[in-house]
Each structure stands twice: as structure tokens, then as C-alpha cells.
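A.B. asks: after the sequence you'll find the predicted model.
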Amino acid sequence: MAAFAHITSLLNTLHFHFLQPHPCLIFDDTETIKSLCEKILHLQAFLEDSEKNKARRVLESEIRCVAQDAEAKIESQLYKLYLCRNRVEHPLKPPQSLYHTLKQVKRKIESIERRIIQIKSNNNHSAEPKSGNKIENIKAGSSSQRSSEPNDVMVGCDDEFDTIMHKLISHSNKLEVISIVGMGGIGKTTLVRRVYEDVSIISHFQVRAWATVSQEHNLREILLSLLDTNGGDISDLPNQLRQRLMDQRYLIVIDDIWGTKAWDDLHRCFPESSNGSRVLITTRLKQVADYASSGYGLQRGS
């Protein structure tokens, strides 16, 4: 369930940057953050509801897009802020634009909450799900809508973008794992999303899939995201994924992986087809990147 993974990733980002016991930011409006987190928890509960819930099917794509867009904008502003971190000894105060972004995200989620109530109360006349918004597990030649413009955060990152693109579409036929490692908030996810949605990547790989792992990884939810499905027996999901990827040139993105155990659970699902398939991971921990990657690591930030 891709929407659940993205909304969970947004929640983890908010907790990591704003609700730590000793944050590196001076944030004057923690009540807005706490209120926003509560609303995100409500969306999580909504997404965890029965897979037959029509309201969830209608809004799942919209929830995913809102979460992706919010996390990209927040990480973009935090990245610029953290660039100044080594030049000062005191905690940093976020710009007003970040406060505005957080309130805007809150309003969007409140709008979704109102639609949930409306659809549930009138499920016999609910709107049909929107099409064309799926990102995960897209076949070559398909199109997907972008939830945010990469130029907002990619200033100065063209070299990194080109490096990753080269490693993904190089002539090596064996399966390779490429890692991007760095602290939270420096734009790793946004950089990878820009690569993932590039037209040359879409045309090069027959299958693409994306999963967000986060600190407390849930193997079943990760596999469901990679398979782009809403249900299944955990004992059968790894085999389903292997069969889906077998004999296909695939790109798998494993975003925000925190531990080697999560990697051990996942990597055996990726078949070695000797056709140039790639796995691209982002992590905050260098030891995880070293453990998982094929010697192709890119470190962002300090």
C-alpha cells in the first residue's frame, strides 16, 4: 500500500526534525506539528481500514501525492537550513516559509478528512478513483504525474543526479545495488524521486517499484508497496515479488532504510537475471549503505 508508506515516511520526518528531545531547530509552533501528526495518524488508520473500503480506494492516490509533495518541500527547506548548521553554534530558527508549508500541508489533510466523511456518508454516489497517478511498479512506456518539481531542491545537485543516472543505466549486466547515504532532511528522497521519474529511466527499465521502509520496518507493508497491491499472505509475498521481477529489467527503490535486518529480509526477493537490473537505496546510516551496496555509494551532506 504505497499511500501508507508515504504518509508514514512524512510522519517519521516530522518526528525526526521537530519532536526530538533536543532538536537542532528552534521551532516556536510545536502545537502545529503535534496537530499535524495527529491528523496523519488518522489518515494512517483510514488507510489501514478494510481493503473493501471504497472511500479509501478513491482517496489513496491523493493521500500519497499530498504526502510526497509535503515531504519534498519540507526536506528542501530543511536542506538549505542545515547547510548553515556548521557555521553556527546555536540551534537554528526555521524561515517563515517552512511554517507556511506546514500549515498548507495541514489544510490539505483537513480537506482530505472532510472528503472521507463525505464519501463515507454517501458511498452510493462516490466518485470514481482518479487514474494516471500511480508511480510504483510502472511498466516501461507508462507515464506518471509528478507530485513536486525537482528544481525546488536540486540546485547544486546535477553532478549527483548524473552520477546516479550513469550507474543505473551503465552497461553492466549484473544486478547492482547503489546507495545514497546522509542525514535526514538533505533531500535524498527528492533526489532519488527525480531520478526515478526521469524519462530515460522509465524507458530503460521494464518494471519500476518503490517502497519506503522507515525506522520500524514492516516487511509485509514493504512487499505490498513493491507489488502495488493491498493484500496478501506474508508467506507468499516474497515469492510473488520474485516472480513479478523474474526475467524483467527492473529498478527497485528502497527509501529510508535504517537497518541491515530490513535489507536481509528484502534482498533475497530480488532475482539476479543478468540483464542490468538495479536496486537503489537511501539511508541515514553509512554502515547500512556499506552492507547493502555493490560498492557504489554516494554520500550527501556531512
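C.D. replies: Perfect, thanks for sending it. Numbering: from 1, shown residues only.

A.B. asks: going by C-alpha atoms from here, please, whenever you check contacts or count neighbours.
C.D. replies: Noted.

A.B. asks: where does the stretch 51-200 of the chain dip in pLDDT?
C.D. replies: Applying pLDDT under 70 to the stretch 51-200 of the chain picks out residues 51-58, 83-94, 119-158, 185.

A.B. asks: which stretches of it form strands?
C.D. replies: 138-139, 176-181 (DSSP state E, counting those that start in this stretch).

A.B. asks: just name the most buried of those.
C.D. replies: Ranked by mean neighbour count under mean count of other C-alpha atoms under 10 Å, the strands of the stretch 51-200 of the chain are led by strand 176-181, which reaches a mean of 24.

A.B. asks: which elements pack onto that strand?
C.D. replies: strand 278-283, helix 286-292, strand 296-299 (3 or more C-alpha pairs under 8 Å, 6 or more residues apart in numbering; DSSP states H and E).

A.B. asks: show me the beta-bridge partners of residue 279.
C.D. replies: Residue 279 has these beta-bridge partners by DSSP bridges: residue 177, residue 252.

A.B. asks: can I assume it is in contact with residue 177?
C.D. replies: Yes - counting by C-alpha atoms under 8 Å, residue 177 is a contact partner of residue 279 at 4.7 Å.

A.B. asks: distance check, residue 293 against residue 162.
C.D. replies: Separation of residue 293 from residue 162 (C-alpha to C-alpha, to the nearest Å): 18 Å.

A.B. asks: out of the helices and strands packed on strand 176-181, flag the one nearest residue 80.
C.D. replies: strand 296-299 (16.8 Å; C-alpha to C-alpha).

A.B. asks: average pLDDT for the closest one?
C.D. replies: Across strand 296-299, pLDDT averages out at 52.

A.B. asks: if we can go back for a sec, for the strands of the stretch 51-200 of the chain, which one sits closest to residue 75?
C.D. replies: Comparing the strands of the stretch 51-200 of the chain by C-alpha to C-alpha, strand 176-181 comes nearest, at 14.8 Å.

A.B. asks: dump the strands of the stretch 51-200 of the chain to TSV, plus distance to residue 4.
C.D. replies: Shown next, in TSV, are these (distance: least, C-alpha to C-alpha, whole Å):
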stretch	distance to residue 4
strand 138-139	18
strand 176-181	23
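
A.B. asks: among those, which is nearest residue 221?
C.D. replies: The nearest among these, by C-alpha to C-alpha, is strand 138-139 at 18.3 Å.

A.B. asks: could you pull out the helices for the stretch 101-250 of the chain?
C.D. replies: 158-168, 188-196, 199-204, 219-227, 237-245 (DSSP state H, counting those that start in this stretch).

A.B. asks: residue 276 reaches residue 177, doesn't it?
C.D. replies: No - the pair residue 276 / residue 177 is not scored as a contact, 10.9 Å apart, by C-alpha under 8 Å.

A.B. asks: right, and the strands of the stretch 51-200 of the chain - which one's nearest residue 213?
C.D. replies: Judging the strands of the stretch 51-200 of the chain by C-alpha to C-alpha, what sits closest to residue 213 is strand 176-181, at 14.2 Å.

A.B. asks: circling back to that earlier point, now the helices of the stretch 101-250 of the chain as TSV including distance to residue 113 and mean neighbour count?
C.D. replies: Formatted as TSV, the helices of the stretch 101-250 of the chain follow (distance: least, C-alpha to C-alpha, whole Å; neighbours: other C-alpha atoms under 10 Å):
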stretch	distance to residue 113	mean neighbour count
helix 158-168	36	15
helix 188-196	26	22
helix 199-204	33	16
helix 219-227	23	22
helix 237-245	31	18
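
A.B. asks: distance-wise, check residue 168 relative to residue 289.
C.D. replies: Distance from residue 168 to residue 289, by C-alpha to C-alpha: 16 Å.

A.B. asks: repeat for residue 111
C.D. replies: Residue 111 sits at a distance of 38 Å from residue 289 (criterion: C-alpha to C-alpha).

A.B. asks: counting neighbours, go ahead and name the busier of the two.
C.D. replies: More crowded of residue 111 and residue 289, by other C-alpha atoms under 10 Å: residue 289, with 29 against 11.

A.B. asks: distance check, that one against residue 181.
C.D. replies: 7 Å.

A.B. asks: next: residue 69.
C.D. replies: For residue 69 relative to residue 181 (C-alpha to C-alpha), the value is 21 Å.

A.B. asks: ok, now residue 101?
C.D. replies: From residue 101 over to residue 181 (counting by C-alpha to C-alpha), the distance is 26 Å.

A.B. asks: shaky segments in the stretch 201-302 of the chain?
C.D. replies: In the stretch 201-302 of the chain, residues with pLDDT under 70: 294-302.
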